[in-house]
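**Q** what follows is a predicted protein model with its sequence.
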Amino acid sequence: MAIDMSQFYQVFFEETEEHLANMEQLLLETDPDDFDNEQMNAIFRSAHSIKGSAGTFGFQDLAQVTHELETMLDLVRKGELDLTSEMVDASLEAGDLLKMMLDAHRGGPAAATEDIEFICRHLRELSGAQAPVKEESEPVASQAEEAIATAETSEAVEQNVFVASFKLDARAVVNPAVIENMLEDLREMGLVEIITKPAGELVEGVWTLKITTAYADSSLTEIIEYVAEHGSLKFEHEGAVQVSAADGSFGLFNEGHEVGSTVAAAEAVVEEDDSFGLFEPVEAPATVEATPAPAAHVVAEDDSFGFFEPLPPVVESNDQELAVAEASPAAVTPVARATASKEDRAAKPASNDAGSIRVGVEKVDQMINLVGELVITQAMIAQSASTLDPVIYERLMNGIAQLERNTRDLQESVMSIRMMPISVTFSRFPRVVRDLSRKLGKQVRLVMSGESTELDKGLIERIADPLTHLVRNSLDHGIEMPEKRLAAGKPEEGTITLKASHQSGNIVIEVGDDGGGLNRDRILSKARERGLPVSDNMTDSEVWNLIFEAGFSTADQITEVSGRGVGMDVVRKNITAMGGKVEIDSVYGVGTRITVRLPLTLAILDGMSIRVGHETYIVPLNYVVESLQPAPGQVRTISGAGKVIMVRGDFLPVVPLHEVFNCHGAETDYERGIMVVMESDGAKSALFVDELLGQYQVVIKSLEANYRRVPGISGATIMGDGKVALILDVASLMNVSKLMAEEAA
Amino acid sequence: MAKTVLAIDDSASIRQMVAFTLKSSGYDVIEAVDGQDGLDKAKSKSVNLVLTDQNMPRMDGLTLIKSLRAMPQYKGTPILMLTTESSDAMKAQGKAVGATGWLVKPFDPQKLVDVVKKVIG
């Protein structure tokens, strides 16, 4: 029976990712001088679980690194090694490496071999100092130990076991590096055990090696003959093993009445063959009338398996239960009662895993898409039915109202599937802050709140980078050096706050620090240097918005942290692309707070539908500030800037939509149409349209996926009457109109 | 009637692999996510074989085996430890609490089926 292991890879990847995240979080909370054992156990358990599954699914590289990590953690856990902050760092690094290796298995870039070697060596060094050398000092245990090593480091394939004995050639005796090279070569081909070697340092004598490998014997003999004295090599094939289940990988204990026996396992092992052993036959349950089969009867199985003594007849569970009930009627009631009460208590925690299922994102997306179609269909039916007489078609109307409610509920619950807590993103920040504050020599405390706030999975992934940038910025430019903080009368330790919350249909994420705050004068002078249009009577928020301009940096020095080419302009661009907004509040000397507002989801949008000529467009509602009917003379032409409209003292550029999209039959007289004032990136403009139609919640359909990218359009939707309406991309629309005005001028 | 195996492992991937492998070979499989869950399920269902991981949150494999052995209906049920830890000390501990045998992780699915077949048929 061949089991396709790859079907479990996805679960393995996700599980390992969870373990790594969990491990990282615990490590970050670990204080080497004061950690509790439960914490250490939990860290160990994560590493241990990764190793176990990685080995089983054939990810030997992951298994190898976790093995080193686990070895070190195990020693710490058992108190044989004192935890140092170096170990915590090394563990975190190993975690990073594992993450990278995991990504590599999923098609990402591969981790550098040197990194893997370096970290493994580092971990070995850290644990090596006090690690007991069990393998060599305990001959009895050695076979089992070696078997474990085999099982842990090799592929789950059939391999051959060879035993080679030889004498060293004179050259090798002179130059020890030759034999080292040979062993190295052999190790690359499989597992090498040195069974006997001449006493002392490479003097003449007989070497015996046991090699477990998938390679042919000829390639082995070639390597060995290079160092062996001519004619001294004896090469034997010992048999084949299933390496993942090699020596000592399985065995049975004697059990039953001897529970509590302390007989050392190794002594009691009844070896069958290399891969399997029984202590003694499994005894039949005492309450079952079964005749134990005669003992000491060897049941030969296949090559890798066998029993010295047969197992007892297998008992059907029903019989067993019956037998128990007959044998000990008194015992049954208490047990049953205990079971019931235990079940009540354990019902909830035990279901934490069984109560959830993992589904591929594409399945969820497909479902969301279908529900989107359903919403559209429902709206179409409702629209068609609206012309009918509600008295005559009362039952139909009731049904349609019901359908509308159900559709809405269904849509909400389907959307909630994609929702994930923002802690998924937040969880990376303790590490970011820890590493960075160390590097910069600053003392920083990270305070997070609202981690359970949920938002769309797509947003979670896309918000991570901008948020990381903001946090790094706060740490690098915001929080001052400890001396400076003390001088300013602040606590030595700076605080960065990360807060997520729901606010009127938006997700609001705040990144705050109690650092130096933004320097108005410096930003203004920097802006002048860069030739940006500024004046001294700009409001603070206008000044702060300057730092979102491309290439704007007020940092005195380019540090390793900042100045990597990704500026605040990219942060704002990314957030705007998600339909979000960024705002800055800052008080010089007190701190800075950056607020990011995001829509709850990317799949639905609250929009205002407008008409231009015969076309209907949707303006995302979060860009709309107000709408007004221009009074005569309110719209003026300014040379070089095209048409502008004066709204309460501000001149706003007018974006005539019919010109941008070349709509025929549209209103061209400004006084007879409507101006929709929109705000994007802190700038306002007025969109000139024929008419406002209404406000809708629309399901976004990608235009790019179905047609191609169109400037000024971010997507499309299907309206209740079945017509397609294009959704305006306000930010790009404002740029497009600016270009048009420049061209006209 | 198909034999029932209770497979206990906190690792979802291993659990699924074990369950899939054994189900493919005609066994019924009950899955449990840790020792406590395993104990609860063992109490409410009747099983022919228990396969348990050692290192798990809430309740580890050894404690589970001990608890099971203390229950009359599990006195004779074969219990295999499916574990990465196979030092002699661990084996001695396993034997002491009443485990029937051990199988080292990582293991080959075929090996698992072979072993289970030998133990419960």
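**A** In hand now; what should we look at?

**Q** for residue A:722, grab the count of nearby residues.
**A** Residue neighbour count, defined by other CB atoms under 10 Å in any protein chain shown, stands at 12 for residue A:722. Every C-beta, even on glycine, is put in place using the N, C-alpha and C of the backbone.

**Q** swap in residue A:535?
**A** Neighbours of residue A:535 using other CB under 10 Å come to 8.

**Q** relative to residue A:542, how far out is it?
**A** Here the criterion is CB to CB, to the nearest Å. By it, residue A:535 lies 9 Å from residue A:542.

**Q** quick one, phi psi at the residue nearest to the spatial centre of chain B?
**A** Among the residues of chain B, the one closest to the centroid is residue B:51, at 1.1 Å (CA atoms, centre = their mean). Note on residue B:51: its backbone torsions stand at phi -120, psi 120 [degrees, to the nearest 10].

**Q** now do the contacts for it.
**A** In this structure, residue B:51 makes contact with B:5, B:6, B:7, B:8, B:18, B:79, B:80, B:82, B:103, B:116, judged by CB atoms under 8 Å, 6 or more residues apart in numbering or on different chains.

**Q** just the terminal-to-terminal distance for stretch A:474-492.
**A** This stretch, stretch A:474-492, spans 16 Å end to end (CA to CA, to the nearest Å).

**Q** same question, stretch A:613-630
**A** One end of stretch A:613-630 sits 18 Å from the other (CA to CA).

**Q** for it, buried residues please.
**A** A:613, A:615, A:616, A:617, A:618, A:619, A:620, A:622, A:623, A:624, A:627, A:630 (16 or more other CB atoms under 10 Å in any protein chain shown).

**Q** repeat that for stretch A:644-652.
**A** In stretch A:644-652, counting by 16+ other CB under 10 Å, buried: A:644, A:645, A:647, A:652.

**Q** between these, which is nearest residue A:227?
**A** Ranking the buried residues of stretch A:644-652 by separation from residue A:227, with CB to CB as the measure, puts residue A:652 on top at 85.6 Å.

**Q** could you list the single helix or strand in the chain with the lowest mean pLDDT?
**A** If you meant another chain, say so; for now it's chain A. Here the helix or strand of chain A ranked lowest by mean pLDDT, DSSP states H and E is strand A:306-307, holding a mean of 30.

**Q** hmm, no, I was thinking of chain B.
**A** For chain B, judged by mean pLDDT, DSSP H and E, that is helix B:88-97, with a mean of 78.

**Q** toward the C-terminus, what is the element adjacent to that helix?
**A** Per DSSP states H and E, the first helix or strand lying C-terminal to helix B:88-97 is strand B:101-104.

**Q** sheet partners, orientation included, of that following strand?
**A** Sheet neighbours of strand B:101-104, with direction, are listed as strand A:250-252 (antiparallel), strand B:79-83 (parallel) (DSSP bridges).

**Q** where among these is average confidence lowest?
**A** Sorting the strands paired with strand B:101-104 by mean pLDDT places strand A:250-252 lowest, at a mean of 65.

**Q** care to break chain A down by domain?
**A** A:5-130, A:135-346, A:361-416, A:421-599, A:604-744 (automatic domain parsing).

**Q** nearest to residue B:32, of the ones you listed?
**A** That would be domain A:135-346 among those, by CB to CB, at 10.7 Å.

**Q** I'd assumed residue A:730 was in contact with residue A:713.
**A** No. The pair residue A:713 and residue A:730 fails to qualify as a contact (CB atoms under 8 Å) at a distance of 10.7 Å.

**Q** which of those two has more neighbours?
**A** Ranked by neighbour count (other CB under 10 Å), residue A:713 and residue A:730 place residue A:730 first, with 24 against 19.
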